[in-house]
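K.L.:
Need a 3D model of the following:
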Amino acid sequence: MQFTVQTTQGLERRIEIEVPHTRVAGEVERRLRDLSRTANIRGFRKGKVPITVIRQQFGAQVHGDAVTELIRQTYSDVVTKEKLRPAGGPRVEPIQVDPGKDLKFAAVIEVMPDVEVKPVESLEIERPVFEITEEDVDAMLESMRRQRISYQPVERAAQKGDRVLVDFTGRIDGKEFEGGSGKGMAVVLGSGRTLADFENALVGMTKGANKTAPVSFPDDYGVKELAGKQAEFDLAVTAVEEPVLPELNDDFARGYGLGDAGLAGLRKEVRNSMEREAAEAVRNRLRNQVFEALARENDVQLPRTLVDEQIQQLQIEMMQRMGRQDQLPPREPFVEPAERRVKLGLLIGELIRRENIQVDRGRVLARLEEVVSAYPNPAEARRAWLQDPAAMRQVETAVMEDLAVEWVLARAKVTERKIGFGELTGFRKPE
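P.N.:
So this is what the prediction gives:
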């Protein structure tokens with residue numbers, strides 16, 4: 001076997017391999033003999049078919065199979081001998097594959113880049129420091145009350161916070177339009193879930209009241225045909241209901257499955273949950289800062305093979321979130337995120353290799369517990385994850401990334417800043 005390896009551009013390598021025709025012929029003959037012992041051909045006993053008959057019936061197919069196997073073997077041998085690190089599978093270009101001649105082909109690949117991670121001691125990272133206050137717990141409990149709000153009819157004018165049931169008919173240029181009419185639609189005043197003009201027109205109306213109100217559709221309205229249009233709506237209120245919040249007491253706590261633990265038990269559970277959420281938010285912020293700093297301070301040549309794989313993965317994830325199965329979304333929006341993923345993967349991988357960071361089984365199991373705790377049946381979910389090697393590799397990869405981030409944090413310039421629960425997690429206190 002003879003071969004050459006040529007750098008064409010960047011990380012691309014072109015490997016040209018020549019296999020002597022005698023080796024090809026020997027592989028073909030071996031396969032024909034093996035086939036003669038197992039082939040079932042009418043008129044011959046099994047294992048007694050003459051090789052000439054086998055060659056006549058299966059020669060072309062066997063030659064093709066032999067060539068395919070020799071391409072795989074010799075390509076692998078060259079990669080090993082030259083210590084190449086392919087970023088993906090080869091693009092094989094046949095040059096000469098005819099029977100009786102030397103086998104010649106080219107394999108075009110991209111190789112993994114040499115990655116060098118600069119010293120991390122100069123990286124500046126801000127660590128959020130939080131404290132869950134009693135006011136934070138009160139705000140969370142109030143939010144939970146709002147989630148269990150109910151409504152009761154009232155005989156008065158509608159005001160902000162009320163729920164109004166309304167029949168409506170809309171017109172544009174005097175003509176009704178599709179989707180512009182309905183009966184018994186519930187509108188919570190002040191929620192911002194309907195058009196502002198429509199919602200404001202209901203304020204002050206009473207049960208049984210009717211009015212015609214002008215309504216403007218915003219320029220960025222979701223229905224293109226209505227965007228920027230002026231309409232008028234006939235409104236007929238059929239009910240006005242005021243909000244009723246449940247009392248914060250032991251009965252309220254029982255609604256969350258706490259049994260006899262009461263309101264005090266609920267406060268404890270809420271605080272613990274907020275502590276976990278805040279700790280996870282801190283971990284994510286630190287992780288993102290480390291990743292951003294590593295990506296900013298280090299240049300890496302990216303294999304297009306890996307970037308293309310990530311683009312396709314992101315396209316598939318988006319298609320699944322959209323509930324579609326027929327067509328991938330356009331590539332362009334995913335190019336930059338894919339390049340970032342690949343770059344960070346290479347940098348983190350090099351850190352792990354260089355510093356000999358080892359996966360900790362205890363950390364893997366602890367992370368698994370965090371994952372399955374979100375399932376309705378954690379024990380069943382745990383069994384399913386443990387029996388799925390691919391799923392467990394995802395958990396192990398996440399733990400290895402955590403260990404790499406911790407290694408960086410132990411050496412970088414880390415400052416602390418006190419931060420409230422709302423700013424840390426995005427939680428908005430009820431008004």
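K.L.:
In this protein, mark out all the helices, start to finish.
P.N.:
21-36, 51-81, 134-147, 196-202, 250-254, 262-297, 304-321, 332-354, 361-372, 378-386, 389-409, 421-425 (DSSP state H).
K.L.:
quick one: which of those helices is nearest D234?
P.N.:
Set against D234 and scored by C-beta to C-beta, these come closest in helix 196-202, at 10.7 Å. Where you see a C-beta, it was placed from the backbone N, CA and C, and this is true even at glycine.
K.L.:
domain parsing for this structure?
P.N.:
2-110, 124-133+262-425, 150-244 (automatic domain parsing).
K.L.:
how about those in CSV, adding distance to A139, mean pLDDT and mean neighbour count?
P.N.:
Shown next, in CSV, are the domains of the chain (distance: least, C-beta to C-beta, whole Å; pLDDT from 0 to 100; neighbours: other C-beta atoms under 10 Å):
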stretch, distance to A139, mean pLDDT, mean neighbour count
domain 2-110, 50, 91, 15
domain 124-133+262-425, 8, 92, 15
domain 150-244, 18, 94, 15
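K.L.:
Out of the ones you listed, which is closest to E142?
P.N.:
domain 124-133+262-425 (10.9 Å).
K.L.:
So what would you say the end-to-end distance of that closest one is?
P.N.:
This stretch, domain 124-133+262-425, spans 22 Å end to end (C-alpha to C-alpha, to the nearest Å).
K.L.:
Pull the distance from that domain to the chain's centre.
P.N.:
Here domain 124-133+262-425 is found 11 Å from its chain centre; the criterion is C-alpha atoms, centre = their mean, to the nearest Å.
K.L.:
cool, and stretch 178-194?
P.N.:
That offset, for stretch 178-194, works out to 34 Å (C-alpha atoms, centre = their mean).
K.L.:
Would you mind writing the CA trace of stretch 342-357 as CSV?
P.N.:
The C-alpha trace of stretch 342-357 is given here as CSV (Å, rounded to 0.1, in the frame of the first residue of the first chain):
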residue,chain,number,x,y,z
VAL,A,342,-18.0,23.8,18.9
LYS,A,343,-15.4,26.3,20.1
LEU,A,344,-16.4,25.8,23.8
GLY,A,345,-16.5,22.1,23.4
LEU,A,346,-12.9,22.1,22.1
LEU,A,347,-11.6,24.5,24.8
ILE,A,348,-13.3,22.6,27.6
GLY,A,349,-12.1,19.3,26.2
GLU,A,350,-8.6,20.5,26.0
LEU,A,351,-8.7,21.7,29.7
ILE,A,352,-10.0,18.3,30.8
ARG,A,353,-7.3,16.5,28.8
ARG,A,354,-4.5,18.8,29.8
GLU,A,355,-5.3,18.9,33.5
ASN,A,356,-6.3,15.3,33.7
ILE,A,357,-9.7,16.1,35.2
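K.L.:
what sits up against it?
P.N.:
112-113, 115-117, 291, 294-295, 298, 300, 302-303, 306-307, 310, 400-401, 403-404, 407-408 (C-beta atoms under 8 Å, 6 or more residues apart in numbering).
K.L.:
can you put the helices of the chain in JSON lines and add distance to K229?
P.N.:
Below are the helices of the chain laid out as JSON lines (distance: least, C-beta to C-beta, whole Å):
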{"stretch": "helix 21-36", "distance to K229": "73"}
{"stretch": "helix 51-81", "distance to K229": "63"}
{"stretch": "helix 134-147", "distance to K229": "34"}
{"stretch": "helix 196-202", "distance to K229": "12"}
{"stretch": "helix 250-254", "distance to K229": "46"}
{"stretch": "helix 262-297", "distance to K229": "42"}
{"stretch": "helix 304-321", "distance to K229": "31"}
{"stretch": "helix 332-354", "distance to K229": "29"}
{"stretch": "helix 361-372", "distance to K229": "48"}
{"stretch": "helix 378-386", "distance to K229": "50"}
{"stretch": "helix 389-409", "distance to K229": "48"}
{"stretch": "helix 421-425", "distance to K229": "38"}
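K.L.:
Nearest to T4 among those would be which one?
P.N.:
helix 51-81 (9.5 Å).
K.L.:
any idea how far the residue nearest the centre of the chain is from Q61?
P.N.:
Note on the chain: the residue nearest the mean C-alpha position is E317, at 5.7 Å, using C-alpha atoms, centre = their mean. Distance, E317 to Q61, by C-beta to C-beta, to the nearest Å: 41 Å.
K.L.:
Check I352 too.
P.N.:
46 Å.
K.L.:
Then A374?
P.N.:
In terms of C-beta to C-beta, A374 sits 53 Å off from Q61.
K.L.:
again with V335
P.N.:
V335 sits 42 Å away from Q61, going by C-beta to C-beta.
K.L.:
got it, and L346?
P.N.:
Taking C-beta to C-beta, one finds L346 at 42 Å from Q61.
K.L.:
Please apply the same query to P389.
P.N.:
From P389 over to Q61 the distance is 36 Å, taken as C-beta to C-beta.
K.L.:
contact partners of stretch 398-417?
P.N.:
So stretch 398-417 is contacted by 120-129, 283, 286-287, 290-291, 293-294, 348, 351-352, 355, 357, 359-360, 363-364, 367 (C-beta under 8 Å, 6+ apart).
K.L.:
ok, and the closest non-adjacent residue to V67?
P.N.:
V97 (5.4 Å; C-beta to C-beta, 6 or more residues apart in numbering).
K.L.:
so the one you found touches A66, yeah?
P.N.:
No - at 10.2 Å, V97 does not count as touching A66 under the criterion of C-beta atoms under 8 Å.
K.L.:
Between the helices of the chain, which one is closest to E12.
P.N.:
With C-beta to C-beta, the closest approach to E12 among those belongs to helix 304-321: 8.6 Å.
K.L.:
Do I have it right that R304 meets I109?
P.N.:
No - using C-beta under 8 Å as the test, R304 is too far from I109 to be in contact (11.4 Å).
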